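In: structure for this input, please:
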Amino acid sequence: MEAQLIVLGFVALIILIIIITEIYNRIKLRALVKTKWGKFPSGNFFDKEESLKTAWGKAKAYRKYDSEIDDITWYDLDGFSLFERINATYSSAGSEALYQRMRNFNFSKKSHERLETLIDYYKQNPDVREEIQFQFACLGKKDNNNVENYLAETKSQALPNTMIYLVCGVLPIVGVISFILFPSTPAILFLIGSILFNVIYYQIKKEKLERELACMGYLVQTVACAKQVAKLRTPFQEELTKNLKPIASMTKFGISFRMKSNSEAELMFDYLSMIFLLPLISYNFVLEKVKNYESQAKELWRLLGELEVSAAVLNFREIMPDTSQPIFSDTLQVIGEEVYHPLLATPVPNAVNWAKNTLVTGSNASGKSTYVKSVAISCILSATIHTALATKFQLPFGHILTSMAVEDDIFEGDSYFVAETKSVKRVLDLAETNTPCLCFIDEILKGTNTIERISASSSMIHWLDNYPSLAFVATHDIELTEILKESCDNVHFEEQVTKEYGVTFDYSLRQGPSTTRNAIELLQVLNYPKEIVAQAKKEANHFDKHRTWQKLE
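Out: Residues are numbered from 1 along each chain as shown. This is a model prediction of the structure:
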């Protein structure tokens with residue numbers, strides 16, 4: 001009898017430790033959620049872009065959008081750094097939804113209206129917003145969770161041999177009952193043997209089925225989280241409850257998946273799962289639910305992401321210096337006030353009035369590339385998360401793409417110029433679809449000689465006038481401002497050169513093309529030989545007068 005009491009006491013102690021540990025972790029988690037609000041998201045071990053991008057690719061198999069931020073545009077604008085600045089999410093359901101929202105959008109106000117409905121509700125009910133974030137924090141994050149993959153390909157994910165797992169899982173229970181009723185050496189040996197066999201068998205199977213078990217674990221945890229969130233009054237409570245109802249029972253079958261990973265309690269619970277083969281037994285029961293209610297499972301995952309994305313966007317708006325809700329119009333123009341770049345420590349805001357193809361000129365480091373990027377970023381964030389980094393912003397619905405940070409493609413064998421022409425070509429191809437396009441180009445065709453660059457660039461920009469597109473082009477080629485002065489607007493940035501401070505910039509936008517020649521003045525300030533400075537000025541003046549270069553003798 002004493003041995004039976006020891007066994008029962010040991011089991012009770014394990015359960016007590018699990019409960020106490022979980023309560024302590026939840027108290028810490030609540031405090032964390034409260035203190036992190038209104039701050040920039042800190043670095044996180046999770047949310048690797050490879051994992052997020054894989055989930056995005058799977059989601060595109062069953063979700064349709066009007067436009068996509070392609071990889072070139074995403075990397076030109078340092079899209080992942082933008083994502084990290086906004087990503088105040090606590091679960092992978094949220095972070096994956098935010099990444100997908102920043103890479104896809106529709107030419108419609110519907111998703112923006114839903115976003116604003118939730119944001120307004122969170123503003124008026126901060127306690128509910130905090131509770132929702134806490135529930136997502138309890139769910140936690142898991143890279144490569146493969147949930148999107150399962151939702152896209154549910155019917156091909158079943159595991160064989162469920163009956164074998166069920167029989168083996170029952171053996172330790174039989175051993176415990178035998179030991180309690182008939183304490184003897186054979187009973188002890190049977191109990192220990194069944195436990196050791198199941199632990200070893202589970203480890204072998206887990207290694208082969210790691211992906212499947214990890215995915216199903218996170219999916220079941222997500223449904224458990226949804227059950228808690230559905231209890232809270234939100235604008236989408238009815239919608240969430242409706243889609244949750246037919247699959248809510250999967251958490252009963254999937255009890256072995258319900259603990260939050262990476263906690264002390266999870267480690268102890270994992271041992272129990274191994275002993276009784278709980279994940280292997282539960283897997284197909286849970287999968288059957290998902291297969292039978294596939295559309296509800298997909299919609300539930302989307303709704304949970306929507307709830308968390310809204311909180312992250314609200315947090316982003318509150319910590320940024322200035323944001324505004326953009327205005328979408330049918331007019332092909334972009335108008336903004338105090339537009340700035342969100343990744344700079346001390347950005348200088350500028351206005352934008354982009355109603356026709358525009359050339360942005362100025363010297364290196366004067367601010368023209370940063371300005372073009374800041375307008376492009378506000379266009380993208382307006383189209384995706386309905387947030388412009390400006391005090392006022394208006395734009396049309398349409399595709400948004402860039403050609404900026406072009407590099408040699410050693411894997412394709414492309415030179416810089418070939419890679420650049422391919423990048424620009426995709427801009428022209430999209431413009432030809434006659435869907436409005438906002439195109440941003442930095443140093444167009446700089447990989448070739450001056451004559452061909454200017455002639456090809458001017459032809460491309462002029463060609464775009466035939467389509468409902470706008471081009472915003474940063475360039476050093478002053479010649480383009482002359483060739484295209486009838487069809488393009490011109491703005492520029494200037495630098496100041498003084499003996500005391502050298503070169504300085506105010507990063508303020510000015511109308512018209514750049515006319516300064518401060519590069520030669522800088523040579524003089526830096527005490528270059530007087531003969532070089534004088535000859536440079538003479539050559540520049542001769543070109544201005546005759547539009548040809550004179551031979552040096």
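
In: mind jotting down where the helices sit in the stretch 451-553 of the chain?
Out: Under the criterion DSSP state H, counting those that start in this stretch, the stretch 451-553 of the chain contains helices at 478-483, 518-525, 530-546.

In: got a markdown table for those, with mean neighbour count too?
Out: In short, each C-beta sits where N, CA and C put it, glycine included. Putting the helices of the stretch 451-553 of the chain into a markdown table (neighbours: other CB atoms under 10 Å) gives the following:
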| stretch | mean neighbour count |
| --- | --- |
| helix 478-483 | 18 |
| helix 518-525 | 16 |
| helix 530-546 | 12 |
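
In: quick one: the strands in the stretch 51-200 of the chain, in order.
Out: 67-68, 104-105 (DSSP state E, counting those that start in this stretch).

In: quick one: closest of these to Glu432.
Out: strand 67-68 (15.3 Å; CB to CB).

In: ok, and what's touching that closest one?
Out: Around strand 67-68, the neighbours that count as contacts under CB atoms under 8 Å, 6 or more residues apart in numbering are Arg103, Asn104, Phe105, Asn106, Phe107, Ala383, Gly398, His399, Ile400.

In: ok, and the most crowded of those?
Out: Highest neighbour count within the contacts of strand 67-68: Ala383, with 27 neighbours (other CB atoms under 10 Å).

In: please identify which helix or strand holds it.
Out: helix 368-385 (DSSP states H and E).

In: quick one: average pLDDT of the next helix or strand after that helix?
Out: Next in sequence after helix 368-385, counting helices and strands by DSSP H and E, comes strand 392-395. For strand 392-395, the mean per-residue pLDDT is 98.

In: partner strands of whatever helix or strand comes next after strand 392-395, with direction?
Out: Later in the chain than strand 392-395, the nearest helix or strand by DSSP H and E is strand 399-403. Looking at strand 399-403 with DSSP bridges, its partner strands are strand 437-442 (parallel).

In: which residues touch the strand it pairs with?
Out: Residues outside strand 437-442 that contact it (CB under 8 Å, 6+ apart): 76, 334, 369, 372-373, 375-376, 379, 395-396, 398-405, 424, 427, 430-431, 464, 467-474.

In: how about it, which residues are buried there?
Out: Cys437, Leu438, Cys439, Phe440, Ile441, Asp442 (16 or more other CB atoms under 10 Å).

In: lowest-scoring secondary structure element of this structure by mean pLDDT?
Out: Across the helices and strands of the chain, the lowest-confidence element by mean pLDDT, DSSP states H and E is helix 264-276, at a mean of 69.

In: next structured bit after that one?
Out: Once helix 264-276 ends, the next helix or strand along the chain (criterion: DSSP H and E) is helix 278-292.

In: so which residue is dead centre in the chain?
Out: Geometric centre of the chain, nearest residue: Tyr99, 2.7 Å, by CA atoms, centre = their mean.

In: that residue against Trp56, yeah?
Out: Yes: applying CB atoms under 8 Å as the test, Tyr99 and Trp56 come out as touching, 6.0 Å apart.

In: about what we covered before: can you tell me which of the helices of the stretch 451-553 of the chain the model trusts least?
Out: Of all the helices of the stretch 451-553 of the chain, helix 518-525 carries the lowest average pLDDT, namely a mean of 73.

In: counting by contacts, list what that one packs against.
Out: Packing partners of helix 518-525 (3 or more CB pairs under 8 Å, 6 or more residues apart in numbering; DSSP states H and E): strand 495-498, strand 502-505, helix 530-546.

In: okay if I get the ones you listed as a markdown table plus distance to Asn292?
Out: As requested, these are exported to a markdown table (distance: least, CB to CB, whole Å):
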| stretch | distance to Asn292 |
| --- | --- |
| strand 495-498 | 67 |
| strand 502-505 | 63 |
| helix 530-546 | 76 |
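
In: to Leu181, which of these lies closest?
Out: strand 502-505 (86.0 Å).

In: sheet partners, orientation included, of the closest one?
Out: For strand 502-505, the pairing partners within the sheet under DSSP bridges are strand 495-498 (antiparallel).

In: would you map out the domains in the chain?
Out: Domain assignment for the chain by automatic domain parsing gives 1-159+209-319, 327-495+505-511, 517-553.

In: could I get the ones you listed in TSV, plus columns for distance to Val176?
Out: Output for the domains of the chain, formatted as TSV (distance: least, CB to CB, whole Å):
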stretch	distance to Val176
domain 1-159+209-319	7
domain 327-495+505-511	54
domain 517-553	85
